[in-house]
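Have a look; sequence and predicted model below, questions after that.
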Amino acid sequence: MLNFDNRFVRELPGDPDRHNTPRQVFGACWSPVTPTPVAAPVLLAHSREVAAALDLDDEAMATPAMLAALAGNTLLPGMVAYATCYGGHQFGQWAGQLGDGRAILLGEAINRSGQRFELQLKGAGPTPYARRADGRAVLRSSLREFLCSEAMHHLGVPTTRALSLVGSGETVVRDMFYDGHSVAEPGAVVCRVAPSFIRFGHFELLAARGERQLLQRLVDFTIARDFPELAGLARQPEQRLATWFTEVCERTARLMAHWLRVGFVHGVMNTDNMSILGLTLDYGPYGWVDNFDPGWTPNTTDAASQRYCFARQPEIARWNLERLAAALATLGTSADDLAAAIARYDVVYSEEFCTAFAGKLGLLGWTPDDGDLLDELCKLMRLAEIDMSIFFRQLAQLDINDPQPRVLQQAFYRDELRQQFSADLERWLARYAARLRLDGQTAEQRRLAMNQRNPRFVLRNYLAQQAIDRAEQGDTGMLHDLLEILRRPYDEQPGRAAFSARRPDWARHKAGCSMLSCSS
Ligand code: AMP
Ligand code: MG
């Protein structure tokens, strides 16, 4: 049995209109909505860890009432359905009101340990924020969100979670590459779970509209509910806001270092997709770096400008924090305090980045020369088209007394580049081995430490696409295999080598494998 305590709707003003018709919503943080039932829901997969966190056992997950709730066909006792109102900067431009167009919250579940989780259906029908869209989601994007958010959690990256993936038994029409080729695809609903789905854009919209009182209420609510550790500052509102914003900056900084560490590219870092808790949020045209390329973006919409490419993510996160700071400035917060918080972003990001890459390289600490060592490696990985995940994982096997590139052979996509850069790689390995000797760790100590930071398994884009192709044919075997394997990404898992292999040639330029659009 889930227990609910729905503070968001209880403590913040709602929209009096109960209809799902598109509109601008003023003076409210949420609108009541009714999820649109689907024809023939099937539970395709669920996360047992998320279910367990919600005190739901397999039996509870298997009931018809649970399936109906996870499909948006019914509400369980205590649930209340609503969509929240937010805005955002999209691709650098202010976009006005956006809101949960196809996300419907079901309330806040409290588990036996008193932890709070918002449950949110994605794809359960239109809301007042759907504009002209249908409120639905296709199986391919839902499967990608479901699998990837769980994979990120097991990699140790802060993220929203996913409880379930439900096939809707209905089709959804999408024009995947916006080129006039609409296709009816299978539909699905994901139940996402996070302590809070509040985004930067929630604050930005109220500030843009001059709704200052409500903005202050939302800030107070967010601190009280989602940052209880800051509650002690309740009597100093000025200091409380600055401390809270500093915390948001620091969490965002840590998140960026994680994304770079594991080779994740979000793809659409608009401010409406930025979590106030510093979680990875809104899995759309995301991707994983195969051959190392700082300029790579999986998002075809962004291919020309590369605004959201791999290496620019920390810079964009900072830009997004500045937009949030501008919104908070309308409450009279001192510009110095806000600037100091952004400065903390820079400091924490750079510390976390160094810690993350020292760890990846098996170094005990980061010394001034290590930046140059890493830069050289990045240049080499880019020019020689080296697979990032395989390279770092295999690097742990290097014999520092005889640093030969043999152990790294699998990381190369092209033989001719491997040969062309073999002398450079040998030189780099010799320099790296000399650096490792300064630390004096045993090979075993270094290998164990590196293997905890360099995953063997990530959700490579082509693997997700293969799981999708099969699931669309009614075979969820690969989905379940991936869900299982990605629960232990740092373990070797003998017999599972096929799931850590570099991207095959056929997937290099294939839709879904290297090119994704926002159409989902
Ligand atoms: P995204 O690019 O997924 O972050 O979405 C940007 C905005 O478009 C958000 O307000 C979404 O809720 C909305 N949106 C995206 N797809 C749909 C859809 N199929 N139906 C309704 N709203 C949508
Ligand atoms: Mg979004």
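Arrived safely. Ligands and ions are numbered 1, 2, ... in the order given.

Give me the domain ranges for this protein.
As given by automatic domain parsing, the domain ranges for the chain are 7-200, 236-359, 364-451, 461-507.

So which of these is nearest Ser519?
Set against Ser519 and scored by CB to CB, the domains of the chain come closest in domain 7-200, at 5.0 Å. Any C-beta I mention is one placed from the backbone N, CA and C, and that applies to glycine too.

Quickly find the element holding the residue of the chain at minimum distance from ligand 1.
Per CB to the nearest ligand atom, Gly101 is where the chain lies closest to ligand 1, at 2.3 Å. For Gly101, there is no host helix or strand (DSSP states H and E).

contacting residues around it?
Ala83, Pro126, Thr127, Tyr129, Ala130, Arg131, Ala133, Gly135 (CB atoms under 8 Å, 6 or more residues apart in numbering).

For PyMOL, what selects the buried ones among those residues?
Applying 16 or more other CB atoms under 10 Å to the contacts of Gly101, the buried members can be selected in PyMOL as follows:
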select buried, resi 83+126+127+129+130+135
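
Next, format the contacts of Gly101 as CSV and append distance to ligand 2.
Below are the contacts of Gly101 laid out as CSV (distance: CB to the ion, whole Å):
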residue, distance to ligand 2
Ala83, 12
Pro126, 15
Thr127, 13
Tyr129, 11
Ala130, 13
Arg131, 13
Ala133, 12
Gly135, 13
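
Which of the contacts of Gly101 fall in strands?
Of those, the ones assigned to strands by DSSP state E are Ala83.

coming back round to it: measure the residue of the chain closest to ligand 1 to Tyr413 for me?
According to CB to CB, to the nearest Å, Gly101 stands 39 Å off from Tyr413.

Can you give me the pLDDT of the nearest residue to Ala384 once chain neighbours are set aside?
Closest residue in space to Ala384, ignoring its immediate chain neighbours: Phe421 at 4.0 Å, by CB to CB, 6 or more residues apart in numbering. We have a pLDDT of 98 for Phe421.

before we move on, what about Cys518?
Reported pLDDT for Cys518: 85.

Am I right that Pro314 falls within a strand?
No. Using DSSP: H, G, I helix; E, B strand; the rest coil, the secondary structure at Pro314 is helix, not a strand.

For Leu255, see how far away it is.
Pro314 sits 9 Å away from Leu255, going by CB to CB.

okay, and for the chain, where does confidence drop off?
Residues of the chain meeting the criterion pLDDT under 70: 234.

Now with 90, please.
Within the chain, the stretches with pLDDT under 90 are 1, 19-20, 176-180, 231-239, 303, 509-515, 517-520.

Now do the contacts for the spatially most central residue of the chain.
Residue closest to the average C-alpha location in the chain (CA atoms, centre = their mean): Thr280, at 2.9 Å. Thr280 is in contact with Ser149, Met152, Val157, Pro158, Thr159, Thr160, Leu255, Trp259, Phe264, His266, counting by CB under 8 Å, 6+ apart.

those strands in the stretch 251-400 of the chain, which residues are they?
Assigned strands in the stretch 251-400 of the chain, in chain order: 264-265, 287-288 (criterion: DSSP state E, counting those that start in this stretch).

who wins for proximity to Ala356 among those?
Among those, strand 264-265 comes nearest to Ala356, with 12.4 Å by CB to CB.

what does the stretch 151-300 of the chain have sitting close to ligand 2?
Contacts of the stretch 151-300 of the chain with ligand 2, taken as CB under 5 Å from the ion, map to Asn273, Asp282.

residues contacting the residue of the stretch 151-300 of the chain found nearest ligand 2?
Nearest to ligand 2, among the residues of the stretch 151-300 of the chain, is Asp282, at 3.9 Å (CB to the ion). By CB under 8 Å, 6+ apart, Asp282 lies in contact with Val268, Asp272, Asn273.

in this protein, which strand has the most residues?
As assigned by DSSP E, the longest strand anywhere in the chain is strand 161-175.

show me where the stretch 51-200 of the chain has strands.
Under DSSP E, counting those that start in this stretch, the stretch 51-200 of the chain gives strands at 82-84, 87-90, 93-97, 103-110, 116-122, 161-175, 182-194.

Pipe those strands into a markdown table and attach distance to Arg487 per row.
Below are the strands of the stretch 51-200 of the chain laid out as a markdown table (distance: least, CB to CB, whole Å):
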| stretch | distance to Arg487 |
| --- | --- |
| strand 82-84 | 31 |
| strand 87-90 | 33 |
| strand 93-97 | 37 |
| strand 103-110 | 22 |
| strand 116-122 | 19 |
| strand 161-175 | 13 |
| strand 182-194 | 16 |
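
do you know which of these lies nearest Leu438?
Ranking the strands of the stretch 51-200 of the chain by proximity to Leu438 (CB to CB) places strand 161-175 first, at 40.6 Å.

ok, that closest one near ligand 1 or not?
No. Using CB under 6 Å from any ligand atom, strand 161-175 stays clear of ligand 1, with a minimum separation of 8.0 Å.

in its sheet, what does that strand sit against?
strand 42-46 (antiparallel), strand 182-194 (antiparallel) (DSSP bridges).

Out of the ones you listed, the one nearest Ser389 is which?
Closest of the strands paired with strand 161-175 to Ser389 is strand 42-46, at 23.8 Å (criterion: CB to CB).

So what touches the closest one?
Strand 42-46 is contacted from outside by 61-62, 67, 70, 143, 146, 163-167, 169, 188, 471, 476, 479-480, 483, using CB under 8 Å, 6+ apart.

Narrow those residues to those that are buried.
The neighbour-count test (16+ other CB under 10 Å) marks 61, 67, 70, 143, 146, 163-167, 188, 471, 476, 479, 483 as buried among the contacts of strand 42-46.

tell me which of the residues you listed is nearest to Val50?
Distance to Val50, by CB to CB, is smallest for Leu163 among these, at 4.6 Å.

correct me, but the closest one touches Leu121?
No. The criterion here is CB atoms under 8 Å, and Leu163 misses it with Leu121 at 9.9 Å.

Can you get me a residue count around Asn270?
Look at Asn270: counted by other CB atoms under 10 Å, it has 25 neighbours.

Many thanks, have a good one.
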